[in-house]
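[1] kindly generate the corresponding structure for this input.
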Amino acid sequence: MKYKWILFDADETLFHFDAYQGLKLMFSRFKTEFTPQDYEHYQLVNQPLWVDYQNGKINAAQLQSTRFDMWANRLGVSPHTLNSEFLVAMADICSLLPGAQELIDSLQGKAQLGIITNGFTDLQNVRLERTGLKNVFSPLVISEEVGVAKPDVGIFEYAFNLMANPPKEQILMVGDNPHSDIQGGINAGIDTCWLNAQGHARPEGIQPRYQVSSLTELQHLLLA
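    Numbers count the residues shown, from 1 in each chain. Now for the predicted structure:
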């Protein structure tokens, strides 16, 4: 196989991430209904915060707190409490994407597998534990712990150091987000594969080495 290291994003690359269902579950535990309209309003706040986080303008704690400020005031709890309960709910509904387990099984022993994620520590660790993948990925690099997020080259260099700095031509980054995963890998000088399950148009100026529509297609590509 061409690559000796395969680095994956986590959310919507290996793990299904249904934020709406997670929020519905979390708010139900506070005896509060959460509607599609509520979710639209939440995303009006949440999505720009993620852009700011990826651009290094805010840190993980600021993102996690600010996105729940309004709801915390409404429910009379702290934003930190809501964020923690949201991560618990997301862990409770976690599942691997179709083809993920088969891909991981097929690559073990043929390449080293790692994760670089802009997600948060508590959720990543619980999901890996519950899916039986806790010992599969090394390095496991989480932006909350490193202090920089994809596409910043710093988080990739942090991972490379943990990997003992192998030749970059031996490394492939796989992710669903062209702006963080793919541009980040390009910034770091490694090959990239865009998992484009929804058939989105490629953003101008971002050119992945490969593009696949499923993890099964990626498995065939890597092991051909």
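[2] confidence-wise, which helix or strand of this protein is lowest on average?
    The weakest-scoring helix or strand in the chain, judged by mean pLDDT, DSSP states H and E, is helix 121-130 (a mean of 89).
[3] contact partners of it?
    10, 15, 84, 87, 90-91, 94, 115, 117, 134, 136-137, 140, 142, 144-145 (CB atoms under 8 Å, 6 or more residues apart in numbering). Where you see a C-beta, it was placed from the backbone N, CA and C, and this is true even at glycine.
[4] cutoff 10 Å now
    Contact with helix 121-130 is made by 10-11, 14-15, 17, 22, 60, 83-84, 86-92, 94-96, 115, 117, 119, 133-137, 140-145, as judged by CB atoms under 10 Å, 6 or more residues apart in numbering.
[5] can you say which of the residues you listed are buried?
    When these are checked for burial by 16 or more other CB atoms under 10 Å, the buried set is 10-11, 14-15, 17, 22, 60, 83-84, 86-91, 94, 96, 115, 117, 119, 133, 136-137, 140-144.
[6] among those, which ones are in helices?
    Judged by DSSP state H, helices contain the following of the buried ones among the contacts of helix 121-130: G22, A60, N83, S84, F86, L87, V88, A89, M90, A91, S143, E144.
[7] so the second one makes contact with A149?
    Yes - at 8.1 Å, A60 counts as touching A149 under the criterion of CB atoms under 10 Å.
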